[in-house]
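Novice: coords below, sequence missing:
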């Protein structure tokens with residue numbers, strides 16, 4: 001299959017005749033026009049197909065990032081969306097067809113997922129593509145702070161008392177084991193939903209969620225990466241990114257990411273979660289942010 005045609009079928013960020021410096025990130029950009037009244041179908045299409053493919057490509061290291069930007073169409077540019085994909089270098093871009101073809105066949109063997117009966121050509125069109133040449137650039141990665149030396153023994157305790165059983169409880173859908181990790185005066189805050197809760201309210205929702213998972217017969221897992229951890233032996237503060245995966249009995253797995261900040265307290269020799277805040281930051285937290293953090297085993 002012609003490479004340009006293949007990328008177009010993916011709603012890809014086509015960039016023909018691209019030049020890039022060796023080992024310099026290559027960005028390719030697709031300018032998209034949304035047909036009148038069909039913004040919802042267009043965003044659904046890209047979130048459930050284009051984004052899905054790139055999340056997988058990120059996990060495999062085929063790409064180094066992606067963005068979907070929305071703008072206002074005007075006399076200078078008749079387009080509404082900019083779809084951007086970053087490749088680690090020109091070699092990775094040259095292998096894009098080889099890398100993306102099996103992803104597409106695995107994730108969407110029957111074709112793209114659509115919001116309704118409308119086909120992609122009914123709700124959007126590729127206005128034009130743009131060739132690019134990197135002159136110079138800079139990217140700021142998430143800074144990972146090294147824990148103070150005096151914190152290190154306590155971080156191993158936190159791994160033992162909180163993070164390992166946390167993951168085990170999710171894998172086993174064991175609500176009792178999970179809730180036992182929290183203090184009696186626990187405070188839960190969700191940035192996306194803009195709400196807070198105490199242990200009683202949080203427990204009710206958590207048990208219901210774990211029960212739904214059992215009834216549906218799926219499997220869940222949760223993983224953590226950290227970019228800041230410190231403790232004085234009595235209290236602790238830990239920030240990072242989690243990756244939540246749900247595998248249904250049939251169909252496609254679902255993966256979500258969020259940024260968290262957890263405060264813990266040692267009670268009777270055992271660490272407990274006292275405050276738990278998380279947010280997807282407007283769904284901008286993803287695989288790249290997760291991989292940038294450190295595993296708990298690293299500290």
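Specialist: Okay, I see it. Given the structure is predicted, the values throughout are model-derived calculations rather than measurements.

Novice: in this protein, which helix or strand is least confident?
Specialist: When the helices and strands of the chain are compared on mean pLDDT, DSSP states H and E, helix 3-9 comes out lowest with a mean of 32.

Novice: and residue 122, what element?
Specialist: Using DSSP states H and E, residue 122 falls within helix 120-123.

Novice: what's in contact with that helix?
Specialist: 11, 34-35, 38, 41-42, 45, 112, 114 (C-beta atoms under 8 Å, 6 or more residues apart in numbering). Where you see a C-beta, it was placed from the backbone N, CA and C, and this is true even at glycine.

Novice: now which of the residues you listed would you call buried?
Specialist: For those, a burial check counting by 16 or more other C-beta atoms under 10 Å picks out 11, 34, 38, 41-42, 45, 112, 114.

Novice: now for those residues: which two are most distant?
Specialist: 34 and 112 (16.3 Å; C-beta to C-beta).

Novice: in stretch 246-259, what's buried?
Specialist: Of the residues in stretch 246-259, those buried (16+ other C-beta under 10 Å) are 246, 255, 257-259.

Novice: please name the residues that touch the nearest residue to residue 184 once chain neighbours are set aside.
Specialist: Nearest residue to residue 184, sequence neighbours excluded (C-beta to C-beta, 6 or more residues apart in numbering): residue 199, at 6.3 Å. Contacts for residue 199 (C-beta under 8 Å, 6+ apart) come out as 179, 182-186, 188.

Novice: now, those that are in strands?
Specialist: 182-186, 188 (DSSP state E).

Novice: give the ChimeraX command for selecting the buried subset of the residues you listed.
Specialist: Listed next is the ChimeraX selection for buried residues among the ones in strands among the contacts of residue 199, using 16+ other C-beta under 10 Å:
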select :182,183,186,188
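
Novice: kindly reformat the ones in strands among the contacts of residue 199 as a markdown table containing pLDDT and distance to residue 153.
Specialist: Shown next, in a markdown table, are the ones in strands among the contacts of residue 199 (pLDDT from 0 to 100; distance: C-beta to C-beta, whole Å):
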| residue | pLDDT | distance to residue 153 |
| --- | --- | --- |
| 182 | 98 | 23 |
| 183 | 98 | 21 |
| 184 | 97 | 26 |
| 185 | 97 | 26 |
| 186 | 97 | 25 |
| 188 | 97 | 28 |
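
Novice: JSON lines for the ones in strands among the contacts of residue 199, including distance to residue 50?
Specialist: Compiled in JSON lines, the ones in strands among the contacts of residue 199 are given as follows (distance: C-beta to C-beta, whole Å):
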{"residue": "182", "distance to residue 50": "38"}
{"residue": "183", "distance to residue 50": "42"}
{"residue": "184", "distance to residue 50": "46"}
{"residue": "185", "distance to residue 50": "44"}
{"residue": "186", "distance to residue 50": "39"}
{"residue": "188", "distance to residue 50": "33"}
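
Novice: farthest-apart pair in the ones in strands among the contacts of residue 199, please.
Specialist: Using C-beta to C-beta, these span at most 13.2 Å, a distance reached by 184 and 188.

Novice: between the buried residues of stretch 246-259, which is nearest residue 66?
Specialist: residue 257 (13.7 Å).

Novice: paired strands for the host helix or strand of that closest one, with orientation please.
Specialist: For residue 257, the host element (DSSP H and E) is strand 254-267. Using DSSP bridges, strand 254-267 pairs in its sheet with strand 235-247 (antiparallel), strand 270-279 (antiparallel).

Novice: name the residues that touch it?
Specialist: The contact list for strand 254-267, computed with C-beta under 8 Å, 6+ apart, reads 55, 157-158, 162, 183, 192, 224, 231, 233-246, 248, 271-281, 285-287, 289-290.
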